[in-house]
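Novice: Pasting the sequence and the predicted coordinates here, then a few questions.
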Amino acid sequence: MAGGGLLGLLALGRRAGQLDLGVDAVRAGLQAGRVRCVVLARDASPRALEKVMRLANGIRVPLVAGPDADSLGARLGRPPLMAVGVKDRALADGIIRQASPWA
């Protein structure tokens, strides 16, 4: 599911300060070991996917499918977002249970 439930959980995470927003922030969060899962926009660019996926897969951080980048950014009060890193373990677990794995 990449709809309202996922976006609602991400909005809660944004209000709690538990998200890294954008490819560069997600990569930094992954490198620092603070990201528990990554939500990828379904229309993320191949370059953005490659930059995030290789790092996340290397340290076994789950990747989940999100909505398009425009919807992701709009719900989180930002320009289009191709990647969002979730730092809170409980929030990440809830997102992983609800969302579809990245395929």
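Specialist: Sure thing, it's come through. Residues are numbered from 1 along each chain as shown.

Novice: now the closest residue to residue 65 other than its chain neighbours: how far from residue 79?
Specialist: Spatially, and ignoring its direct neighbours in sequence, residue 65 is nearest to residue 100 (4.6 Å; CB to CB, 6 or more residues apart in numbering). For glycine as for every other residue, the C-beta is placed from the backbone atoms N, C-alpha and C. Separation of residue 100 from residue 79 (CB to CB, to the nearest Å): 24 Å.

Novice: same question, residue 64
Specialist: In terms of CB to CB, residue 64 sits 21 Å off from residue 79.

Novice: quick one, which of these two is more surrounded?
Specialist: residue 64 (22 against 11; other CB atoms under 10 Å).

Novice: Now do the same contact list for the more buried one.
Specialist: Residues near residue 64 by CB atoms under 8 Å, 6 or more residues apart in numbering: 6, 37-40, 95-96, 99-102.

Novice: List the contacts of the least confident helix or strand in the chain by mean pLDDT.
Specialist: Here the helix or strand of the chain ranked lowest by mean pLDDT, DSSP states H and E is helix 4-15, holding a mean of 91. The contact list for helix 4-15 (CB under 8 Å, 6+ apart) reads 19, 21, 39, 64, 66-67, 71-72, 75-77, 84, 86-88, 91, 94-95, 98-99.

Novice: Could you identify the helix or strand that succeeds it?
Specialist: Per DSSP states H and E, the first helix or strand lying C-terminal to helix 4-15 is strand 19-21.

Novice: and the contacts of helix 4-15, which are buried?
Specialist: Buried by 16 or more other CB atoms under 10 Å: 19, 21, 39, 64, 66-67, 71-72, 75-76, 84, 86-88, 91, 94-95, 99, out of these.

Novice: thinking again about what came up before, taking the contacts of helix 4-15 one by one, which sit in helices?
Specialist: Among the contacts of helix 4-15, the members falling in helices (DSSP state H) are 71-72, 75, 91, 94-95, 98.
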